[in-house]
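Novice: sequence plus the predicted model coming up.
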Amino acid sequence: MTSREKESLLEIITRAWSESFLLRGVSAEDLRDLATLTRVVALRTGEVLLASGAAVEKLYLLVRGQVNVVERKESGEVVIRTLRSG
């Protein structure tokens, strides 16, 4: 990734964090610092991000697309909720 691409990605991440209700009022400098610590994760359809009962040590920000919260039952998977970006 070129330095220009990295800078562009950093700006996209900073903007996404600034739009999060959790971080309202946080300074632009602190948001940029947070963005430098952010790791981008891209998921394919059907890929699992978190499993029920697993310890959660990260904060996820959905920037684009949607994810389903799914409960697995003997009869199959049941979508509990769909989360969308924005």
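Specialist: Yep, that arrived.

Novice: any idea how far the longest helix that the chain contains is from the chain center?
Specialist: In terms of residue count, the longest helix belonging to the chain (DSSP state H) is helix 3-18. Remark: helix 3-18 is offset 14 Å from the chain centroid, using Cα atoms, centre = their mean, to the nearest Å.

Novice: so what touches the helix or strand following that helix?
Specialist: Per DSSP states H and E, the first helix or strand lying C-terminal to helix 3-18 is helix 28-37. Helix 28-37 is contacted from outside by Leu10, Ile13, Thr14, Trp17, Ser18, Leu23, Val26, using Cβ atoms under 8 Å, 6 or more residues apart in numbering. C-betas here are computed from N, CA, C, even on glycine.

Novice: any idea which of those has the most stuff around it?
Specialist: Ile13 (21 neighbours; other Cβ atoms under 10 Å).

Novice: which stretches of this protein have low pLDDT?
Specialist: Across the chain, the ranges flagged by pLDDT under 70 are 86.

Novice: quick check: which element contains the most centrally placed residue in the chain?
Specialist: Central residue of the chain (Cα atoms, centre = their mean): Leu61, 2.6 Å from the mean position. Using DSSP H and E, Leu61 maps to neither a helix nor a strand.

Novice: which elements pack onto the longest helix of the chain?
Specialist: Judged by 3 or more Cβ pairs under 8 Å, 6 or more residues apart in numbering; DSSP states H and E, the packing partners of helix 3-18 are helix 28-37.

Novice: quick one, the longest helix of the chain and helix 28-37 angle?
Specialist: 120 degrees (axes from the mean of the first three to the mean of the last three Cα atoms, to 10 degrees).
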